[in-house]
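> Return atomic coordinates for the entry below.
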Amino acid sequence: MEQIVRILDIHPVTHDVKQFIIEKPDGFIFTPGQATEISINQEGWTDKRNPFTFTCLNDEHYLQFTIKIYNDHQGVTNHLGQLHVGDELILREAWGAIEYKGPGYFIAGGAGITPFIAILRQLNKEGALADNKLFFSNKTDADIILADELKSMLGENALFTITNQKDSMHDQRRINADFLKAEVKDFSKHFYVCGPDAMVEEISGLLAELGAGTESVVFER
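Have a look, this model is predicted:
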C-alpha cells in the first residue's frame, strides 16, 4: 500500500540530522520501534526506497522521522536534505523487528538511536522508563541526536560515549566487553541493539558470551 503525503515541517536536530514532520493518513498505525520504506515523489526518485523509523508516538496527528543526511553520496537521504515544506513523499506500511519486550539496556550507535526514540518516549509517557538504561555511542559531542531530551527522560540512566573527540565532556570508552562488564548489572534483562551492522554483530556476540539469552537480545534481523 502506497500513499502520497506532504511534508509539513523540517528542522535541524544536529549538524547532519533533520527532523521531518509529514502528513499522517487516516487509520495509519505503527508500533514504537517500527519503520517504513519512503520514496520521494519526484521524477527519477519514486522507485528509490529507503527505510526510516518513526520517531513520534502513534497517537500524534502527524508522522515524524529523524533522519541523518548523508551528503557524501547522491542517494535518498542526500536528496531528502534538499526538500522543502510542501514537497511530497511516498509512504508505505509499517514493519520492523525492534519492539519493546520489557526493561533492560538500549545500546545505540549514531543514527541507530532512531528506533529507540519512539520506544523511550512512549515509556516516558507511561511512566515506565525507570528500569531502562541507554548506552549511546557517537564520534563527537556534536553528533549526539536529541541529547537534551534523552537526558531529561533518562537522567543518569543515559550514558553517552564518545569515540573520536579527546576533549569530549562525555565518557570516552568504546562499548566493548570491558564496558559491558562494568556497566551492565544484570545480563538476564532485555538488550536492544541498533547501529552500524558491524557494531550490532560485535555487541550481540559479546552479550551472548557474557551470558545474555539469545531471545533477550533484540535487533533488526
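> Show the backbone phi and psi for E23.
phi -60, psi 140 (degrees, to the nearest 10).
> Do a quick rundown of the strands in this protein.
3-14, 17-23, 35-40, 50-53, 62-68, 88-91, 104-109, 133-138, 158-162, 190-194, 217-218 (DSSP state E).
> Any buried residues in the first one, and which?
Spelled out, that is strand 3-14. V5, I7, I10, V13, T14 (16 or more other Cβ atoms under 10 Å). No exception for glycine: its C-beta is placed from N, CA and C like everyone else's.
> How far does that strand sit from its chain's centre?
17 Å (Cα atoms, centre = their mean, to the nearest Å).
> quick one: which of the buried residues of strand 3-14 is nearest to H61?
Among the buried residues of strand 3-14, V5 lies closest to H61 (Cβ to Cβ), at 12.7 Å.
> Tell me which residues touch the closest one, please.
The contact partners of V5, taken as Cβ atoms under 8 Å, 6 or more residues apart in numbering, are I22, E23, K24, P25, L63, E88, L89, I90, L91.
> one step back: of the buried residues of strand 3-14, closest to E215?
V13 (33.5 Å).
> residues in contact with the nearest residue to that closest one once chain neighbours are set aside?
Nearest residue to V13 in three dimensions, chain neighbours excluded: Q19, at 5.3 Å (Cβ to Cβ, 6 or more residues apart in numbering). Listed by Cβ under 8 Å, 6+ apart, the contact partners of Q19 are D9, I10, H11, P12, V13, T55, Q64, F65, T66, I67.
> So what's the residue count around A97?
Neighbourhood size, A97 [other Cβ atoms under 10 Å]: 12.
> That one against C194, yeah?
No: if you go by Cβ atoms under 8 Å, A97 and C194 don't touch, sitting 10.3 Å apart.
> Would you format the contacts of V5 as TSV with pLDDT included?
Shown next, in TSV, are those (pLDDT from 0 to 100):
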residue	pLDDT
I22	98
E23	98
K24	98
P25	97
L63	98
E88	98
L89	98
I90	98
L91	98
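> which one of those has the most neighbours?
Result: L63 is most packed of the contacts of V5 (other Cβ under 10 Å), 25 neighbours.
> ok, what's across the strand from that one?
I22 (DSSP bridges).
> With K139 as the reference, measure out to it.
29 Å (Cβ to Cβ, to the nearest Å).
> Repeat that for G155.
From G155 to K139 the distance is 24 Å (Cβ to Cβ).
> Retrieve the pLDDT associated with the residue lying farthest from the centre of the chain.
Distance from the C-alpha centroid of the chain peaks at E43, with 29.0 Å (Cα atoms, centre = their mean). We have a pLDDT of 96 for E43.
> quick one, domains of this protein?
3-91, 104-218 (automatic domain parsing).
> measure the shortest one end to end?
One end of domain 3-91 sits 5 Å from the other (Cα to Cα, to the nearest Å).
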